[in-house]
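*Asks:* after the sequence you'll find the predicted model.
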Amino acid sequence: MAIILGASASAQADSLDQANAQAQQLAAQISKLQPQVVAALAAYDTSLTALGQAVSMNVAAGRVYSSLLEQADTLVAQRDSHIVALYKAGGSLALYASALRSGDPASLRQVPYLNGIVTSDTDSAASALAVAASAKATLDATQNQIDNGLSNTDAVNTRLADLQSLLGQQQALLNEASSRAKNLQALKDAAAALAASQAAAAAAAAQAAASAQADAAPANYRALFQGAAATCPGLSWTVLAAIGQVETHDGTGGMVSSAGALGPMQFLPATFAEYARDGDHDGKADIMDPADAVYTAAAYLCANGAGQAASLSTAIWNYNHAEWYVQLVESLAAKIS
């Protein structure tokens, strides 16, 4: 009996040694992947940040430009009204003549004052127009950044795929370990590093979604979003507006992606053909046409359950298979009014 117990103890020791050796080998393989994981995570985070910044910068620049242009228009209108008033009064000479006839010294002092107002109006309007032009240049610059791919969802998805591939390799190596090996410290440390990378990726996506600013959709797009949402009871038009903002900034960004998606709502041609809607009732469904694209987006989302709150996230995920995209769209939709 003692011999049997000794053999059993020896077998257990061999098994433990083998498990330990396996753990060390797997941990070494996982460790070799870790620098690539760190680099891929950084690239993913940078891409997400760039996306959020491009969305927000364009929104902010657009609001500044609109505000400054409105102020400039007001000053131009004021200048023009004063010029018209001066003209109707017969101009400066007529005003001087009228003042001389009245014999009132105060009337004479008013003439250069009125001329000064017109001159001041002209200078103020010119200055305001120059500032508005500068703001427009900033807006154009942010738009160029968008067109150059800073907010291209393909770029974020590509970097996410790289990261997920590396994390998947690490997870596969961990899965190879026996139950005995998994209790060893080397693999515990590797599992903790994997969990940390996954958590960091999730946190980056959440941060990008939380920090992105929502845009006020142009009037023509807003009408399309609202009309299209009405075709899917339960779907908020703000979801369509958020997707329109993320994909192409309501048709102002790139309309052709590196993945082959087209139009303001970025459909793959095959998907568009399956769900195509003639949003403007012109007898054809065109992937590049805003009305057709928006109404088709509503149909596609609705087919995937966007009309019910419980399945909205799933519907958005089907639009773009990435959790970061779902978070970003839902965050923007909640901010749009």
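*Replies:* Looks like it came in fine. Numbers count the residues shown, from 1 in each chain.
*Asks:* helix or strand for the residue lying closest to residue 187 once chain neighbours are set aside, which one?
*Replies:* Among residues not flanking residue 187 along the chain, residue 23 sits closest, at 4.9 Å (C-beta to C-beta, 6 or more residues apart in numbering). (Each C-beta comes from the backbone N, C-alpha and C, glycine too.) In this assignment (DSSP states H and E), residue 23 forms part of helix 2-88.
*Asks:* in contact with the residue lying closest to residue 335 once chain neighbours are set aside: list those residues for me.
*Replies:* Excluding the flanking residues, the one nearest residue 335 by C-beta to C-beta, 6+ apart is residue 214, at 3.6 Å. Remark: with contacts taken as C-beta atoms under 8 Å, 6 or more residues apart in numbering, residue 214 is in contact with 59, 242, 245, 332-333, 335-336.
*Asks:* secondary structure class for residue 214?
*Replies:* coil (DSSP: H, G, I helix; E, B strand; the rest coil).
*Asks:* how close does it sit to residue 54?
*Replies:* Distance, residue 214 to residue 54, by C-beta to C-beta, to the nearest Å: 14 Å.
*Asks:* returning to that earlier point: what is the nearest of the contacts of residue 214 to residue 232?
*Replies:* Of all the contacts of residue 214, residue 333 has the smallest distance to residue 232: 14.1 Å, by C-beta to C-beta.
*Asks:* what about the closest residue to residue 188 other than its chain neighbours, how many residues nearby?
*Replies:* Setting aside the residues directly before and after it, residue 188 is nearest to residue 182 in space (C-beta to C-beta, 6+ apart), at 7.7 Å. Using other C-beta atoms under 10 Å, residue 182 is surrounded by 16 other residues.
*Asks:* please apply the same query to the one 10 residues further on.
*Replies:* Here the number of neighbours of residue 192 (other C-beta under 10 Å) works out to 10.
*Asks:* could you grab the helix/strand/coil label for the closest residue to residue 307 other than its chain neighbours?
*Replies:* Excluding the flanking residues, the one nearest residue 307 by C-beta to C-beta, 6+ apart is residue 234, at 3.5 Å. For residue 234, the assignment made with three-state DSSP gives coil.
*Asks:* identify the residues contacting residue 234.
*Replies:* Contacts of residue 234 by C-beta under 8 Å, 6+ apart are 306-309.
*Asks:* list buried residues within these.
*Replies:* Applying 16 or more other C-beta atoms under 10 Å to the contacts of residue 234, the neighbour count classes 306-307 as buried.
*Asks:* which of the contacts of residue 234 lies closest to residue 43?
*Replies:* For the contacts of residue 234, the nearest to residue 43 is residue 306 (31.1 Å; C-beta to C-beta).
*Asks:* surely the closest one and residue 316 touch.
*Replies:* Yes: the pair residue 306 / residue 316 is scored as a contact, 7.3 Å apart, by C-beta atoms under 8 Å.
*Asks:* okay, and the common contacts of these two?
*Replies:* residue 239.
*Asks:* give me the average confidence score over stretch 304-319.
*Replies:* Averaging pLDDT along stretch 304-319 yields 98.
*Asks:* please save the CA atoms from that stretch in PDB.
*Replies:* What follows is stretch 304-319, C-alpha atoms only, in PDB (Å, rounded to 0.1, in the frame of the first residue of the first chain):
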ATOM      1  CA  ASN A 304     -33.100  45.100 -36.500                       C
ATOM      2  CA  GLY A 305     -35.300  46.200 -33.700                       C
ATOM      3  CA  ALA A 306     -34.700  50.000 -33.300                       C
ATOM      4  CA  GLY A 307     -38.300  50.600 -32.600                       C
ATOM      5  CA  GLN A 308     -38.100  49.000 -29.200                       C
ATOM      6  CA  ALA A 309     -35.900  50.400 -26.500                       C
ATOM      7  CA  ALA A 310     -34.800  47.000 -25.400                       C
ATOM      8  CA  SER A 311     -33.200  46.200 -28.800                       C
ATOM      9  CA  LEU A 312     -32.100  49.600 -29.800                       C
ATOM     10  CA  SER A 313     -28.500  49.000 -28.900                       C
ATOM     11  CA  THR A 314     -28.500  45.800 -30.900                       C
ATOM     12  CA  ALA A 315     -29.900  47.600 -33.900                       C
ATOM     13  CA  ILE A 316     -27.200  50.200 -33.800                       C
ATOM     14  CA  TRP A 317     -24.600  47.500 -33.400                       C
ATOM     15  CA  ASN A 318     -25.900  45.900 -36.600                       C
ATOM     16  CA  TYR A 319     -25.400  49.200 -38.300                       C
END
